[in-house]
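1. model the structure of this input:
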Amino acid sequence: MNLVIVESPTKERTISKFLDKNFIVKSSYGHIRDLPEKELGIDIENNFAPRYEILPKAKTNIKILSSLSKKSSKIYLATDFDREGEAIAWHLTYALNLDKNKVYRITFHEITPEAIKQAINEPRDIDMSLVNSQQARRILDRLVGYKLSPLLWEKIQRGLSAGRVQSVAVRLICDREEEIKKFVPQEYWLVKVELKKPEISGTNFIADLISKEGKKYDKLDIKTKSDADQIINDISNKQFKVNKITKKEKKRHPPSPFLTATLQQESARILKFSPSKTMMIAQQLYEGINLGKMGQIGLITYMRTDSLNMAEVAINEIRKYINEKYGTNYLPDKPRRYKTKLKTAQEAHECIRPTSIYREPDKIKGYLSEDQYKLYKLIWTKTLACQMADAIYDTVTVDIEADKYLFRANGHTVKFASFLEISPESDDKKDVILPQMNENEILELVKPISEQHFTEPPPRYNESSLIKELEKNGIGRPSTYAPIIETILKRRYVKLTNHKFYPTELGIIVNNLLKQHFSEIVDTKFTATIEEKLDKIAQGKVQWTKIIEEFYKPFEKKLLNAHNNITKEKNIKETDEKCPKCGSVMYIRDGRFGKFLACSKYPECKSIISLDKDGNKILPEKLDEKCPKCGKVLVKRVGKRGAFIACSGFPKCRYIKSEETGEKCPKCGKELVKRVGKKGPFIACSGYPKCKFTKNIITEPQNNSGTDTQNEQ
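-> Modelled structure (predicted):
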């Protein structure tokens, strides 16, 4: 028997169908060893030696894998082929105490029968350079997190944490907000004219003012309305004559296929998916979907990549498909090959593409969820487009004189749409038609146009543009973009409103402290340099402990200085509000679910009042109903999951009323009631725990950000 270990149960199900009875495929369910959760786990004095522990969730599975490995003649470690996957494979050898003579490392870009069989036939050893690079990243992040977080607890508030890469993302958002606040709009005007061919209706078109006496107008040159009016007065009675007509054929190349960053950007822009949602769905498509009679198969190649390479076999298949489906006009003479501009890209990887272009999205739509279909179609379309011929435009530029002023009109028509026929950006191909004109022809002025504008500040980052900025600055890697955004939102350092990032007050305070005392931690160039050094470790060019030491020694000195010299940040605001229980002053504090009023005598007095998103108090509403447990008045409160009815005697009495639905439980016949859990409202049997029947319900989102009063206490 041969044992194949993967890290995901979905991969287990997919790959097991590709191999014969001599193979058994089992999942490790992700990482099985890591640094200890509640302590540093790094021996700083002993060359930063890490101390790994078996994760609690993995202990049962380790026993199963260990038993199987002892019975196996060969053990194939088939975890993902990035650094994380290499590290999981390495940890498995130690956790299972594997015989090195029986261990084979295999990797693949796609989960198809051909790719798996090829991988089995081409095994290799575990790449310790990749493992060491992952270890170095993990240890660096642990040192920053475990050493900086206590400082934030001490100087700002308890419960805060800092991250090496995430802190840079927070700085980018804070810096952009500062730019926006400091921005002073400048007024400027644009002058245009609406012209037409004399006595011919339907020939109206717009031309823009571009120069005066040969000097080109810059954007801000026409500063006021009086400046614009002067130009309009000058041209009102002038003759408009066609000076020059330029006709050209322009080509537009198709966009490159997806890598991780661009997939997340386009998915956010077009589908409105968060980066974490995009990667979750992409993982499902990669690991395998059950396509009925076709079986379980991976639909896309590996989704964590910074390479634009495409396998020759895939290029040939796509070109064949284009020829069959669209014809030779849509096929360029030579296959298109793309190269990323990123210096750090791992060119041995592939771009993100369908495992077969013949698996058209609409043909397999019935096997996919709505979100899976949308993302697969986006990837499929981009891949098909990247191998199609150029789009061709016929363009015309008309320069028109009016005394000393020169105006210009631009038009274009799509001569050959090519990839624009299928591209999500196909709206670009709309024609802009100008009437037929000849040089020296006289045109009629329909009306002059002046438009007031103001310069605008740089836009706030959205998920797409933040990932683009991180990628441009070399911050993070394909596997880290989604976790970076997820982490800074979870820590409440930023908030996402209408798809725009805003720093929170807490985020600004933390960022200012880090900028002042740990400038390198939040410096984009420094962070990019660390990433480059991690890449050198992965390439076997540098010892990983040397990189850690170079970072840690100056970091440790700054940490000691910060503990001694930073004064505690007052992250509370005194108010005129009096505590309803003891009469003391109440403070505004930050909680897990937003701001709330808390008694200044805490912990002696634990009275709090929730606040909504506008800072208004959310007070409990007394009801004409008694608590069935203690007899006190029931009150209606508003928590993070909406309104609920509870006992006013909290925390001594923790009764919460369940709302009856009028339905009977299909299992035991008792009343069904509405309950609220961690994931929101649901319907459950009132006979719980004897009867555990539940079902989901759809609720309207709550329009408040108040804290859950009882949970907060």
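2. please name the nearest non-neighbouring residue to residue 537.
-> residue 133 (4.2 Å; C-beta to C-beta, 6 or more residues apart in numbering). (Each C-beta comes from the backbone N, C-alpha and C, glycine too.)
3. now the phi/psi pair for that neighbour, please.
-> The phi and psi values for residue 133, taken as degrees, to the nearest 10, are phi -70, psi -40.
4. my read is that it contacts residue 540, right?
-> No. Using C-beta atoms under 8 Å, residue 133 makes no contact with residue 540, being 9.4 Å away.
5. in terms of neighbours, single out the busier of the two.
-> Taking neighbours as other C-beta atoms under 10 Å, residue 133 and residue 540 compare with residue 133 leading, 25 against 13.
6. check the gap between that one and residue 241 for me.
-> 67 Å (C-beta to C-beta, to the nearest Å).
7. before we move on, what about residue 684?
-> Between residue 684 and residue 241 the computed distance is 81 Å (C-beta to C-beta).
8. between the two, which is the more surrounded one?
-> Neighbour totals were compared for residue 684 and residue 241, and residue 684 leads with 19 against 15 (other C-beta under 10 Å).
9. isn't that one right up against residue 693?
-> Yes. Counting by C-beta under 8 Å, residue 693 is a contact partner of residue 684 at 6.9 Å.
10. where do the contact lists of these two overlap?
-> residue 672 (C-beta atoms under 8 Å, 6 or more residues apart in numbering).
11. quick one: residues contacting the residue nearest the centre of the chain.
-> Centroid-nearest residue in the chain: residue 275, 2.5 Å away (criterion: C-alpha atoms, centre = their mean). Shown in contact with residue 275 (C-beta under 8 Å, 6+ apart): 264, 267, 268, 463, 467, 481, 482, 485, 486.
12. narrow these to those in strands?
-> Judged by DSSP state E, those include no members of strands.
13. need the residues you listed in JSON lines (columns: neighbour count, distance to residue 416 and pLDDT).
-> Below are those laid out as JSON lines (neighbours: other C-beta atoms under 10 Å; distance: C-beta to C-beta, whole Å; pLDDT from 0 to 100):
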{"residue": "264", "neighbour count": "30", "distance to residue 416": "31", "pLDDT": "95"}
{"residue": "267", "neighbour count": "25", "distance to residue 416": "29", "pLDDT": "95"}
{"residue": "268", "neighbour count": "22", "distance to residue 416": "31", "pLDDT": "94"}
{"residue": "463", "neighbour count": "25", "distance to residue 416": "35", "pLDDT": "94"}
{"residue": "467", "neighbour count": "25", "distance to residue 416": "33", "pLDDT": "94"}
{"residue": "481", "neighbour count": "29", "distance to residue 416": "36", "pLDDT": "90"}
{"residue": "482", "neighbour count": "23", "distance to residue 416": "38", "pLDDT": "91"}
{"residue": "485", "neighbour count": "25", "distance to residue 416": "40", "pLDDT": "93"}
{"residue": "486", "neighbour count": "16", "distance to residue 416": "43", "pLDDT": "93"}
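14. just flag the most distant two among those.
-> Spanning the widest gap among the contacts of residue 275 are 267 and 486, at 14.8 Å by C-beta to C-beta.
15. so the chain: which segments form each domain?
-> Per the record, the chain has its domains at 2-126, 136-182+459-565, 187-253+391-454, 260-386, 573-712, by automatic domain parsing.
16. which one is the residue nearest to the centre of the chain nearest to, not counting chain neighbours?
-> In space, residue 275 is closest to residue 482, 3.8 Å off (C-beta to C-beta, 6+ apart).
17. try residue 403
-> Closest to residue 403 by C-beta to C-beta, 6+ apart is residue 238, at 4.6 Å.
18. no further questions, thank you.
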